[in-house]
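Undergrad: Give me a model of this one.
(2 chains)
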Amino acid sequence: MTSFVVRRLIASLVIFLAATYIMYVLTALSGDPLADLRTSTSPQKAQLIASRTALLHLDVPVYLRYFIWLGGVGKCFIGQCDLGVTIQNQPVTVLLGQAASSTLQLVTFASLTAIVLGLIVGITTALRQYSSYDYGVTFISFLFFSLPIFWVAVLLKQYLAIGFNDFLSSPDIPWWFVAVASPIAALLWAAILPFSGRNRLWTFLAALGATAGMLTYLKLTNWFTYPHIGVLGLAITGTAIAFGVTGISNGLSNRRALTAALIVVGIGVAIYFPFLYGFSFYLQPWSFALLAVVTLVAAFFIGWRLGKPDRAPVARTTVIVAFVMGLLITIDRLMYVWDDYSASERVKGRPIATIGAMTPGLEGSMWVHMLDTFTHLLLPTIALILISFATYTRYSRASLLEVMNHDYIRTARAKGLTERTVVVRHGFRNALIPIATIVAFDIGGIIGGAVITERVFGWKGMGALFQYGLDNVDPNPVMAFFVVTGSLAILFNLIADIVYAGLDPRIRLS
Amino acid sequence: MKKARFAKLLAVTGVAALLLTGCAPQSEVVSGSSLAVAWNQPFYSYNSSTTYGNATANANIIYMTGSSFNYYNDVPELVKDESFGTYKKISDDPLVVEYTVADTAKWSDGEPVTAADMLLNWVAVGGAYNDTTFDPTEYMDPETGELNGKQPDNIVYFDSGADPTNPSGLGLVTEVPVISNNGKTVTLTYSKPYVDWELAFGVGLPAHIIGKKALGATSNADGAAAVIKAIQDKDTTALSKISNFWNTAYNFTEMPTDPELLVANGPYVISDFVADQYITMTANPQYAGAHKPKVEEITVRFITDPMAAVQALQNGEVQIISPQATSDVADALKALDVTTLLGIEGTYEHIDLQFDKGKSGTMNNPKLREAFMKIIPRSEIVDKLIVPLNADAQVRNSQLFLPGAAGYDESVANNGSSAYADVDIEGAKALIAESGVANPEVCMLFSATNPRRANEFALIQQSGALAGFNVTDCSSKDWGGLLGTPGAYDASLFGWQSTSLGVTNSSPTFKTDGINNLNYYSNPEVDKLLDQLDSEFDPAKQIDLQTQIDKILWSDFYGVTVFQFPAVTAYDQTKIKNVSQGPLSPTIFWNCWEWEPVAAAQ
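TA: Numbering: from 1, shown residues only, chains lettered A, B, ... in the order given. Okay, here's the model as predicted:
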């Protein structure tokens, strides 16, 4: 194991050095860093050219200038990183710090959501292979996969931001819309859900009723002005979640697990009002984080106490349910400030943002700022999810299908295990092995993978750093980007290999 | 609805919470009014006089938060702001200028603007005391690339790009300006005449603040006095501290912790600044000048992508945008209910012909130069490439005058450029025949990475082929470095950036061996006229001289000017009015105090 890691790291380092050299030389030779000064008619032209030449060592041939840069990077080992300066004389090390935090904020949530959604959809399509649901998802995921992100971004801004904000200025759902939209939604549901014959008809009717009822409720409560989940919504959703999570994780026959999950839901409903109208006003980000941790620990404790004899799986269930309940209550709390936020002088009734990370000058409570961050993250997150979603669904679908055709699955079924146990315990776990590789690799890639997204949504992250450097024939920011993304790629590839060996006993690292 | 239903519960839990904590829940949104403008680059230094901070993104903010003796409007012409101060030229030779700040000129902390501030600007920008032996690169922080402020305390170095060994502009004022009129007036004496003196001087950073921060003075008055004393006594130790502070303290990329760094003397003061996101300026309550703003608060948001700026305008996140002019932007703006202003930038596209040391040498021959100028399809280039971005775009017809500036129309009327208004294939053929050169080659240098220039080249190549020119491609991605290289090319296609209307800007380009004379043009008559121009103070005579030079350049077949780079500004007329766009810095911000909110008409 150790010798494997050491060998891999040494080989990677050599490749990495060669790659940085090529990257540096290519960037430096891609144009003329003095271009803007050469066409200047400024009286100081000669001095400006001289000072930039000195600053960026332009008098040193590119092939040797690399080693000046490398020397600065080498200082990282003594804790004094020097990644050079940009053409505008700004320190790259500082810019890199700002850029990395901005990018992390942008891509973390998007990647996690894409992974979770992709896995769920991929697994369900594999279990319902060749159903209309499967075909539908395949079509949609390939459609999004093939769309260029700059175009998706422009469309999202046009319809989800500008169009939706226009709608919000007088958010009334006309009756004709209810009449037209409900059958369409019902048709979609009937096509997606894996039933046939008479059951499909019932699906259609149920979906028709549910959609029409929902739209009517939204219309009558003026929901888009005063959005809410409400205590009733929370109780219904929470109960459904408790049943769903228990069903998958423990099986509904495990009464202890179900009881524990429902108790967690009950507690969530009980603290709904005190939270919403009471102590949520006094929360700060740190106390909110503390509250979240306390909630999860408490849920774990409930599961642990009630879960005899198999405590751990039950505790897992209660923690998941508590997490979802917390999420719902938080969302409801954010909805509670929605109309104040939306109507504020700063937001001017157009809450969904197309650009930047925050509304300038907005003042308010933690909830207002949290909501503001979400309205700014919404579009770039959707754009990122849409394009990475396809990969995860396809991989997880293929992986689960392959696993489900193995002999040991047939054996498991033959010895009379429930379908839940077969799928979740024997199929799903083994299907995750190849996915782990992809996920690890993607996490390395996401840091640098949002170049276009960042530009169109006005985020100044790693991608902006890279593009800025390339536009100005300035190797230093490009190299900073390259060093970070390159070392993450190497690191996560290594982690993927190690994880692989851990998950799959057939593989040994030696 | 929801609220009514839960009102009772709210009351109960609210009272409970009150009892528990002893204070009431605050209103969650604090409102205020704002106007947002999109700009493509983040602000990063509050001192644009340093070589570090010299960028439009900084200059815009400094303009809105500062006052100056004069500024460029949208014509463009130089306008004086006498509510800030007045200046007058006392004599031409030696050039003596007297600057007096008005009583209404005040800093945002209430201190008056005084001679101390002007003296500081002189010592910093002019660089008269800069240590000429000092090599600043030795003291650049390797971490930050800025001057690290650690240079020895006997070294004075203001990083303004001034070179005391070869002084120009304000650097020609070598003696300490004389203070008079109770500290409100300074008199500058130039060591030789400098005709662009009006553009050379202003008030930069507050001396009383720098005196306090850099020299440790305890009060504002002491701070200003300490700065004056240091400059008048040439106290190297104190000046060294001042220069360190001046070079480095104003470089910030987010709200500085010390609010005194934001003390300004203009209509606005910086009130909020979030790194990479936006910078907000609020009306300066101390401002007593003529440029009293009507919008209480202006936010500049940093948006790089032109289309993103258009959609942000559409979504109401910004009210004014001035993105890079592209055909996508032009099309998108047409579809929106916004007011679009079409204008020009300071940069202009032009084609220079190599009078000597060309690749094929064909352009040494005046007949071939004339013939080549006849085949350049200038109006076709503008119609096909620029009109889609700016429907009002026109061909630029003068080598010296910016379209719209005083003298342009008169000069164009008789500089002979009209002979090249349309392509004249027959005329060109006749001239080529006269020259006796068969199928003359013209190799054109332009940027290989610029699609617009490649298209221009293609149009010229087609047109040239009709007359018998063999126009070839000398493009390179390193075109900037190749400019002026002997034997590399015959004609060059690129843009010159004009940043001011200063008349001394022409000499480097057209004088024999000037720094920007890259086509080996040399005409003793033009040299003589340029010398006269560089020492002529009378604006009318300046225009007359420039007109003469312009005419000679065209009749010498110098080359052609093609177009002014297009600029586009769009704003939401339901929110704001009186927006206008100037070709020179600070472009759209030049009249920010005239911007006026439109009352919601609903």
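
Undergrad: in the stretch 151-300 of chain A, which ranges drop under the pLDDT threshold?
TA: Applying pLDDT under 70 to the stretch 151-300 of chain A flags residues A:192, A:194.

Undergrad: Flag every residue of it that's near chain B.
TA: With the criterion set to Cβ under 8 Å from any Cβ of the partner chain, the stretch 151-300 of chain A comes near chain B through A:154, A:157-158, A:161-162, A:165, A:221-222, A:226, A:228, A:230, A:273-274, A:277-279, A:281-282. Using the backbone N, CA and C atoms, a C-beta is placed for each residue, glycine as well.

Undergrad: of those, buried ones?
TA: The neighbour-count criterion (16 or more other Cβ atoms under 10 Å in any protein chain shown) marks A:Val154, A:Lys157, A:Ala161, A:Ile162, A:Asn165, A:His228, A:Gly230, A:Tyr277, A:Gly278, A:Phe279, A:Phe281 among these as buried.

Undergrad: what would these look like in CSV with secondary structure?
TA: Supplementary listing: those in CSV, determined by DSSP: H, G, I helix; E, B strand; the rest coil:
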residue, secondary structure
A:Val154, helix
A:Lys157, helix
A:Ala161, helix
A:Ile162, helix
A:Asn165, helix
A:His228, coil
A:Gly230, helix
A:Tyr277, helix
A:Gly278, coil
A:Phe279, helix
A:Phe281, helix
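
Undergrad: Most widely separated two among these?
TA: Taking Cβ to Cβ, the two most distant members of these are A:Val154 and A:Gly278; they sit 43.5 Å apart.

Undergrad: what about the helices in the stretch 1-150 of chain B?
TA: Here the stretch 1-150 of chain B has its helices, by DSSP state H, counting those that start in this stretch, at B:2-21, B:56-65, B:115-121.

Undergrad: can you list contacts of the second one?
TA: For helix B:56-65, contacts defined as Cβ atoms under 8 Å, 6 or more residues apart in numbering or on different chains pick out B:39-48, B:71, B:264, B:266-270, B:279, B:281, B:284, B:298, B:300, B:585-587, B:589-590, B:592.

Undergrad: which of the residues you listed are buried?
TA: Neighbour-count burial within the contacts of helix B:56-65 applies to B:39-40, B:42-48, B:71, B:264, B:266-270, B:279, B:281, B:284, B:298, B:300, B:585-587, B:589-590, B:592; the criterion is 16+ other Cβ under 10 Å.

Undergrad: taking the residues you listed one by one, which sit in strands?
TA: Among those, the members found in strands (DSSP state E) are B:Trp39, B:Tyr71, B:Tyr268, B:Val269, B:Ile270, B:Ile279, B:Met281, B:Ile298, B:Val300.

Undergrad: got a markdown table for those, with pLDDT and distance to B:Val437 too?
TA: Conversion of these to a markdown table gives the following (pLDDT from 0 to 100; distance: Cβ to Cβ, whole Å):
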| residue | pLDDT | distance to B:Val437 |
| --- | --- | --- |
| B:Trp39 | 93 | 51 |
| B:Tyr71 | 92 | 51 |
| B:Tyr268 | 94 | 61 |
| B:Val269 | 95 | 65 |
| B:Ile270 | 96 | 62 |
| B:Ile279 | 95 | 59 |
| B:Met281 | 94 | 61 |
| B:Ile298 | 93 | 60 |
| B:Val300 | 95 | 55 |
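
Undergrad: Looking at these, spot the one nearest A:Ile385.
TA: Ranked by distance to A:Ile385 (Cβ to Cβ), those are led by B:Trp39 at 30.3 Å.

Undergrad: Show me what the closest one is bridged to.
TA: In this structure, B:Trp39 bridges to B:Phe302 when assessed by DSSP bridges.

Undergrad: Roughly how far does it sit from chain A?
TA: To chain A, B:Trp39 is 11 Å away according to Cβ to the nearest Cβ, to the nearest Å.

Undergrad: Could you check how many residues crowd around the closest residue to B:Ile552 other than its chain neighbours?
TA: With sequence-adjacent residues excluded and distances taken as Cβ to Cβ, 6 or more residues apart in numbering or on different chains, B:Ile552 is closest to B:Val526, at 5.5 Å. If you count neighbours by other Cβ atoms under 10 Å in any protein chain shown, B:Val526 ends up with 22.

Undergrad: before we move on, what about B:Gln286?
TA: Summarising burial for B:Gln286: neighbours were counted as other Cβ under 10 Å, giving 14.

Undergrad: again, but for A:Ile498
TA: Residues contacting A:Ile498 under the criterion other Cβ under 10 Å number 16.

Undergrad: Equivalent analysis for B:Lys511, please.
TA: The tally of other residues near B:Lys511 (other Cβ under 10 Å) stands at 21.

Undergrad: Now the phi/psi pair for it, please.
TA: In this entry, B:Lys511 is assigned phi and psi values of phi -80, psi 150 (degrees, to the nearest 10).

Undergrad: Ok, the one 4 residues further on next?
TA: According to degrees, to the nearest 10, the main-chain angles of B:Ile515 amount to phi -60, psi -30.

Undergrad: What score does it have for pLDDT?
TA: At B:Ile515 the predicted local confidence, pLDDT, stands at 83.

Undergrad: Lovely, talk soon.
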